[in-house]
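Participant: Show me how the following folds:
(chains A, B and C)
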Amino acid sequence: MENTVVKIENLVKRYGELIALDHFSLEIKEGEIFGLLGPNGSGKTTTINCLLSLLSYDKGNIELFGKKMTPVSYDIKKDIGVIMQNVAVLNELTVYENIDYFCGLYISDKALRKKYVEEAIAFAGLGDFVKFYPKKLSGGLLRRLNIACGIAHKPKLIILDEPTVAVDPQSRNRILEGIEELNRAGATVIYTSHYMEEVEQLCTRIAIMDKGRKIAEGTKEELKRMIRNTETVTIEIIELPEEARAQIASLPHVYSAEHDGEKLVICCSGGKHNLIRILDVLQSRDLSFGRVYTELPTLNDVFLEITGKALRDKED
Amino acid sequence: MFLHIFKYELLSSLRVKDLIIWLMIFPIALGTFFKIAFGNIYAQNTKFSAIPAAVVGAENDPSFRSVCDSVSEGDEALLKVTYTNEETALEMLEKGDVDGIFYAGDEVRLTVAGSGLGQTILKSFADRYSVSAAIIKDALMNDPASAPAVIAAISEDVSSCREIPLTEGNTDNMVQYFYNLIAMVAMYGAVTGLHVSVGNQANMSPLGARRSCSPARKSVSIAASFLGSCIIQGLCMVLCVSFVAFALGVDFGSKLPLVYAAALLGGCMGVSIGFFVGALNMPESAKTGVVMSFSMLMCFFSGLMVGNMKAVIAAKVPWLNMINPAAVVSDSIYCLNIYSDYRRFIVKMISMVIITLVFVVLGLILTRRKKYASL
Amino acid sequence: MQVFNAFLKVLKKRSLSAMIYIAVFLGIAIPMASSSTSTEAMKLTSLDICVFDEDGTDASRELISLLAKNNKIVTLENDRDVMTDALYYEWIDYALIIDKGYAEKLAAGETNDLFRSYHMHDSYSVVYVTNLLSEYTSTVKAFMTSGNSFSDALSKTADALSTDTEVTMKSFSSGGGLTDVVGFYYRYLPYILVAVILGTLCPVIVTMNSRDLRFRTNCSSIRSSSYTMQLFLGSAMFVFAVLALFTVVGIVMNGGINGDMLLAIANSIIFSLVVTALTVFVSGFEIGPNIQALITQIAGLGMSFLCGVFVPQSMLGSGVLTAARFLPMYWYTVLNDMLMGDTRFDADKAALCLAVEAAFAVMLVVLTVLVRRQSSGKNAPRQKKAEPAAA
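Facilitator: Numbers count the residues shown, from 1 in each chain, chains lettered A, B, ... in the order given. The predicted structure is shown next:
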């Protein structure tokens, strides 16, 4: 049976007039990789800071591992690993010393700690740099050190706040694989990012936030189903009479068909035989066309459509 | 847990370049400069040594010559007399080899090239000679019978004044610059202490945020950081005092171990000031600025830059010397050197403890908060 | 003039400490100028004497008024600690206790142990006052021995001790000379010049020459020589402005220009060139703000202490002065001491001082060029950052 690891109920956080979190609720089960998506200023980092009891909040309830989270809930903190947006390491300590230092805040047993630290170094691929000082590390290595410091103590809940900002693709892949590895080893993960493809690749469940509210939640398939545009058909075609375009646009499930002189792009919702019906129209008019391809929606489409819609809602 | 944080506090502090530069190299350099510049001043300017004077025409005035000879003898000679001709005497005066030239004769005349205590004493010597000569002449003329008694009275070696010694310590008052140097290093402890609060406050540094998320108790973490800073600062204090005492050979009086104690306590006081300022809500660079200018201002009032500043403060705002941390440190070392009893030293040490406690408590009140309205 | 403008903007950000130095220096120097006095006759040194009259007789009061004639009588609490502090820090020069029974004993012809004094330093003041007291008592005794009554003896002694020896003041300075105030102004000026020029210009040049910024400008269309020229122009303008300010203030304090003043100005100009050359030399190294500040402090304070700015050269040991010859500020101070009349003016020596200072400037420029040439040979970035191992 799946246990609830994180439970946020009706969280409200105000900065003066600004409402940063507006009755925000969330539940994350054990073993999930949970993605928290949202544009800048949507409240992702605020949520995490409240979750960690760093920030005070005006209303709501936060439970971690079934217990209420407070600044002095040291038994809860013991099981959390945090990787913040900003790199937080001591510039005067070497890579090894930094990891040992932070790990030591959680693990007192020296032998166990040594093992954990070495595992974290291997995990982050920092083996060649243990004697380096943070200032000498490249951006990607520094991020990896930042992560290694956060997870060395093998936490049950790992919170990553945009850990891949300004990281080269190699390091990023390494980080993402690492997170999956941690998850396989049993950790629950909360992951915030701007990079849709990362979240799409990584997360089992996703919540999209905007203006302090949760505007969508579900698996990526569920999210994709929430939007109209489930399939985009693109046909390379040079000459297309306006009547033909109009006929295609009026087909069932098709809600837009645009022709730019080279390509015809048709957006469809649901429906099963969309492509066949479209090709039928073209063939019946004896129009020649080149390649045809269809794309399934990406999370990016979901994100843009949902947050875009939310913006419109507000303006109403 | 405490030991773990403590260990890394020491390790990371020891590698901070600023610390090595400002708490170790700078005081050593400044101390060396002080030694070079002030090393001779007390012996040359304050402490009395026989005043060099030239005498011209003594060959025709045996009585002046014999008086001059008599004050030039022994360990406590008043003058160092050179008998010579006018030309040489003027040359010596110009070079500064003598402070003045006496012209012997019916009336002793004096030529000097400047004004100062040496010249004043030369004049007073000449005055005294003239007065005595006049009195003796007078007595010989008016009452020859009593003349021998008068001559005896006037040339009697009197010691009308008994000196009450005030101290057995080192009376070289240029040493106060070294006291203030030690006070300056103690005040720089504030820079060391800044990160105790900055590094443990979630709203002040990413590091603080990370620490706040760990199961390490904030009180433990702050205590370990504070103690670590005190030890590092203590190390700097020991280095500074040792350098001044042994490398520069400055005489602190007979109680050197207690000088170390005062310096160590002063260092902790500095750290506590840093801890307090670090907990204030302002950008980190501003905190460093505040701490540095506060330290230098306090050192200025305590006489690091201008030696007699302390006198001005003592006259105008006496309470400032009691609470100015830099002055308290330098005073404590001064009291050890000058006073044979420990009363005033203990008062100064207690003042340091109180100042330290006040800043620690204020700092704790400010860092007590565990949740922040904004980060 | 993009670089020049940027230079000035960076300079503006960094000029706060320079402003503070200049303001404090002028704030101290200018009020001093208005309270200056010239010395032609020898002044007796007036001591601050604290007297506790435990006897309280006419005789003791007479002695006090005699002391007060040439000295200042200070009133302080008769407390051992207060006396200790006051004497140690030389707030007072002498602390005298006139013992009870003073008048009685003196009237009886007793001259020993009439007074006590708190003793701290074996100083000139102590010798002076002790001698004065002995002279006073033995003179009183002598007058009494020759048949005067006690009160007559006291008044005759007071008269006798008012005798003044004729004192001639011999001046060896070169005539005109700088007044004390202008002389002191120029004596402390080199410290301020180091603090202001090195302390302000060095961070600015280091910023403008920082590797990343330099690489970026090297990629732009501006010629490297033009970049350097504009930096030079900016620095020169700053130094010129600082010098102009100090020179104008100096001339105003002096009340015009005379020969010695011209030499003092020339001295300060050449010394500024040395400091500027030093600044350019130091800025050639990629050093952090902390090291820059340390170098500024050590160069400024160190030279000032070693070369006789803070403490006159006549009070420094010969070893120190020998070492100081290798520092430009030594030669500045030698010339300034001559201009102040502290040492005898010698035109050849003055010329030598200026020449040696100029030589320091030239040497620093040559050194800068050499170091630059050396380091431009190996232009590789010094701090290679670790790159991730092949992923």
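
Participant: what domains does the record give for the chain?
Facilitator: With no chain named, the answer covers chain A. A:4-225, A:228-296 (automatic domain parsing).

Participant: was after chain C, sorry
Facilitator: C:2-36+C:179-377, C:48-160.

Participant: hmm, back to that, return the most buried member of the domains of chain A.
Facilitator: Greatest average neighbour count among these goes to domain A:4-225 (a mean of 19), per mean count of other CB atoms under 10 Å in any protein chain shown. For glycine as for every other residue, the C-beta is placed from the backbone atoms N, C-alpha and C.

Participant: That one vs chain B: in contact?
Facilitator: Yes - using CB under 8 Å from any CB of the partner chain, we find that domain A:4-225 touches chain B at A:15, A:49, A:52-56, A:71-72, A:74-75, A:77-78, A:80, A:82, A:84, A:86-90, A:92-93, A:97, A:100-102, A:104-106, A:108, A:149-150.

Participant: Let's have the domains of chain C in a markdown table, adding distance to chain A and mean pLDDT.
Facilitator: Listed next are the domains of chain C as a markdown table, based on distance: least, CB to the nearest CB, whole Å; pLDDT from 0 to 100:
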| stretch | distance to chain A | mean pLDDT |
| --- | --- | --- |
| domain C:2-36+C:179-377 | 12 | 86 |
| domain C:48-160 | 42 | 88 |
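
Participant: one step back: just flag whichever of the domains of chain A has the lowest average confidence.
Facilitator: Sorting those by mean pLDDT places domain A:228-296 lowest, at a mean of 84.

Participant: B:A53 should be in a strand, yeah?
Facilitator: Yes - counting by DSSP: H, G, I helix; E, B strand; the rest coil, B:A53 is located in a strand.

Participant: can you pull the contacts of it?
Facilitator: Neighbouring residues of B:A53 by CB atoms under 8 Å, 6 or more residues apart in numbering or on different chains: B:79-82, B:98-102, B:122.

Participant: Next: A:T47.
Facilitator: With CB under 8 Å, 6+ apart, A:T47 has these contacts: A:8, A:11, A:21, A:24, A:26, A:36, A:209.

Participant: I'd like the distance from the host helix or strand of it to the chain centre, please.
Facilitator: Taking DSSP states H and E as the definition, one finds A:T47 inside helix A:44-51. Distance of helix A:44-51 from the chain centroid (CA atoms, centre = their mean, to the nearest Å) equals 14 Å.

Participant: same thing with stretch C:123-142?
Facilitator: Chain-centre distance of stretch C:123-142: 35 Å, with CA atoms, centre = their mean.

Participant: Please save the CA atoms from it in PDB.
Facilitator: Once non-C-alpha atoms are left out, stretch C:123-142 reads as follows in PDB (Å, rounded to 0.1, in the frame of the first residue of the first chain):
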ATOM      1  CA  SER C 123      61.200  62.200  32.700                       C
ATOM      2  CA  TYR C 124      62.500  65.700  31.900                       C
ATOM      3  CA  SER C 125      59.500  67.200  33.700                       C
ATOM      4  CA  VAL C 126      60.300  65.300  36.900                       C
ATOM      5  CA  VAL C 127      64.000  66.400  36.800                       C
ATOM      6  CA  TYR C 128      62.900  70.000  36.100                       C
ATOM      7  CA  VAL C 129      60.300  70.300  38.900                       C
ATOM      8  CA  THR C 130      62.500  68.400  41.400                       C
ATOM      9  CA  ASN C 131      65.400  70.700  40.700                       C
ATOM     10  CA  LEU C 132      63.100  73.700  40.900                       C
ATOM     11  CA  LEU C 133      61.800  72.600  44.300                       C
ATOM     12  CA  SER C 134      65.300  72.000  45.700                       C
ATOM     13  CA  GLU C 135      66.400  75.300  44.400                       C
ATOM     14  CA  TYR C 136      63.500  77.000  46.000                       C
ATOM     15  CA  THR C 137      63.900  75.400  49.400                       C
ATOM     16  CA  SER C 138      67.700  75.900  49.500                       C
ATOM     17  CA  THR C 139      67.300  79.500  48.400                       C
ATOM     18  CA  VAL C 140      64.800  80.100  51.200                       C
ATOM     19  CA  LYS C 141      67.100  78.500  53.700                       C
ATOM     20  CA  ALA C 142      70.000  80.600  52.400                       C
END
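
Participant: Relative to A:N91, how far out is A:T164?
Facilitator: 22 Å (CB to CB, to the nearest Å).

Participant: Let me know the distance separating the closest residue to B:A54 other than its chain neighbours from chain A.
Facilitator: Leaving aside its sequence neighbours, B:A54 sits nearest to B:A89 (CB to CB, 6 or more residues apart in numbering or on different chains; 3.9 Å). Noted for B:A89: a distance of 67 Å to chain A, by CB to the nearest CB, to the nearest Å.
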